[in-house]
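Undergrad: Any chance you could fold what I've pasted below:
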Amino acid sequence: MAGTSTDEIAGERRQLINVAYRLLGSLAEAEDAVQEAYARWYALPRSRQEEITSPGAWLTTVTGRVCLDVLGSARARRERYVGAWLPEPLPDRAEWDHGHGADPADQMVLDESVTMAFLVVLESMTPAERVAFVLHDVFRYPFAEIAGVLGRTSAACKQLAASARRRVGGARAPVTAAGQADTVRHVKKAWETKDIAALVDLLDPAAVMTADGGGVVGTVLRPIEGGARVARYMVAIAGKAPGLELLERSVNGVPGLVAQRDGVVMTVASFDVADGRVTRIWVVRNPEKLRPWARGR
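TA: Down below sits the predicted model:
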């Protein structure tokens, strides 16, 4: 039997937080899901805990089931959400952490599976597809274990993962951090100087900007389509927001921009770049989703 010491059980937290965030796209909800899994573990009689040969697998299964329930209810909640719903952006740990190791963002592994582009694709999947795909393709869990999470056969889970994979499609390889940083830096300069022509050159003609204010702060409720329209909008909002400071920051592990006023983060922008041009911009302004950016400051 695997050891079930308190330290060993607590040691699973990092993996669980990483799984749950990718499943839910929300750090707060991920933390709640993991807390619920731990609560169920500690509610088990000691004799039952000792019967479980792999506490880590048990906790992953329970966390996955909790996330599945949250994803099911999230669909209804997002229908009532004001404007577009975007995943919560994550800062680089070095940017904000000041020894607060208990914060869930401190547990995150920032790789290509948490880029905003990837998380937005995950949002297009059904809850079951998302669970099967993330657990198998991202974390390499066997389908036999995923079957326990979804309450389906291994074969059915394979089909769900394959269907999810088709949604991802032949996604191109992500631009290198250095390549994206150069493009984002040019966007920052053009945005600051309100240079529409320069922005148009930096944006793909079919670029799309999506903003999430959650009805709490003002922003466009629908995506803006077309590079020229996006450029004009960016310049227009820059003119209406005096005193904002634009900073180059890592957002979900890749170069992005953060707008702050008096040291308080007001907006976080993520970018998808192809061939030196921005194809997508995701702007998160909902302060509920910017809490990790305020911690430790």
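
Undergrad: Ends of stretch 216-225, what's the gap?
TA: As for stretch 216-225, its first-to-last residue distance stands at 23 Å under the measure C-alpha to C-alpha, to the nearest Å.

Undergrad: Please identify the buried residues of that stretch?
TA: When burial is assessed from 16 or more other C-beta atoms under 10 Å, stretch 216-225 yields the following buried residues: 219, 224. Backbone N, C-alpha and C define where each C-beta goes, glycine included.

Undergrad: Report the distance from it to the chain centre.
TA: Chain-centre distance of stretch 216-225: 19 Å, with C-alpha atoms, centre = their mean, to the nearest Å.

Undergrad: go on, stretch 180-193?
TA: 23 Å.

Undergrad: Give me the contacts around it.
TA: When contacts are defined by C-beta atoms under 8 Å, 6 or more residues apart in numbering, stretch 180-193 is touched by residues 174-175, 195, 198-199, 202, 234-235, 238, 246, 248, 254-257, 271, 273, 276-278.

Undergrad: Quick one, which of those residues are buried?
TA: Burial of the contacts of stretch 180-193 was assessed by neighbour count (16+ other C-beta under 10 Å); the buried members are 174-175, 198-199, 202, 234-235, 238, 246, 254-257, 271, 273, 277-278.

Undergrad: Could you pick out which of these are located in strands?
TA: 246, 254-257, 271, 273, 277-278 (DSSP state E).

Undergrad: any low-confidence regions in the stretch 1-150 of the chain?
TA: Where the stretch 1-150 of the chain drops to pLDDT under 70, the residues are 1-5, 94-107.

Undergrad: Next, count neighbours for the closest residue to Val264 other than its chain neighbours.
TA: Excluding the flanking residues, the one nearest Val264 by C-beta to C-beta, 6 or more residues apart in numbering is Ala294, at 7.2 Å. A total of 13 residues lie near Ala294 under the criterion other C-beta atoms under 10 Å.

Undergrad: Against Leu119, how distant is Ala294?
TA: To Leu119, Ala294 is 21 Å away according to C-beta to C-beta, to the nearest Å.

Undergrad: re earlier: among the ones in strands among the buried ones among the contacts of stretch 180-193, pick out the one closest to Gly11, please.
TA: For Gly11, the nearest member of these is Val254. The distance, counting by C-beta to C-beta, is 28.4 Å.

Undergrad: Pairing-wise in the sheet, spell out the partners of the closest one.
TA: With DSSP bridges as the criterion, the beta-bridge partners of Val254 are Val251.

Undergrad: Correct me if wrong: it contacts Thr115.
TA: Yes - applying C-beta atoms under 8 Å, one finds Val254 in contact with Thr115, separated by 5.6 Å.

Undergrad: Need the contact partners of the longest helix belonging to the chain.
TA: Longest helix of the chain, by residue count under DSSP state H: helix 55-79. For helix 55-79, the external contacting residues (C-beta under 8 Å, 6+ apart) are 2, 4, 8-9, 12, 15-16, 19-20, 23-24, 29-30, 33-34, 36-38, 40-41, 49, 52, 85, 127-128, 130-131, 135, 141, 145-146, 148-150.

Undergrad: buried subset of those?
TA: So, by 16+ other C-beta under 10 Å, the buried ones in the contacts of helix 55-79 are 4, 9, 12, 15-16, 19-20, 23-24, 29-30, 33-34, 36-38, 41, 52, 85, 127-128, 130-131, 135, 141, 145-146, 148-150.

Undergrad: For the stretch 101-250 of the chain, just list every one of the helices.
TA: Applying DSSP state H, counting those that start in this stretch to the stretch 101-250 of the chain gives helices spanning 116-123, 127-133, 143-150, 154-168, 177-192, 196-202, 227-239.

Undergrad: If I look at Thr183, what pLDDT would I see?
TA: We have a pLDDT of 95 for Thr183.

Undergrad: Please apply the same query to the one 3 residues further on.
TA: Listed pLDDT for His186 reads 97.
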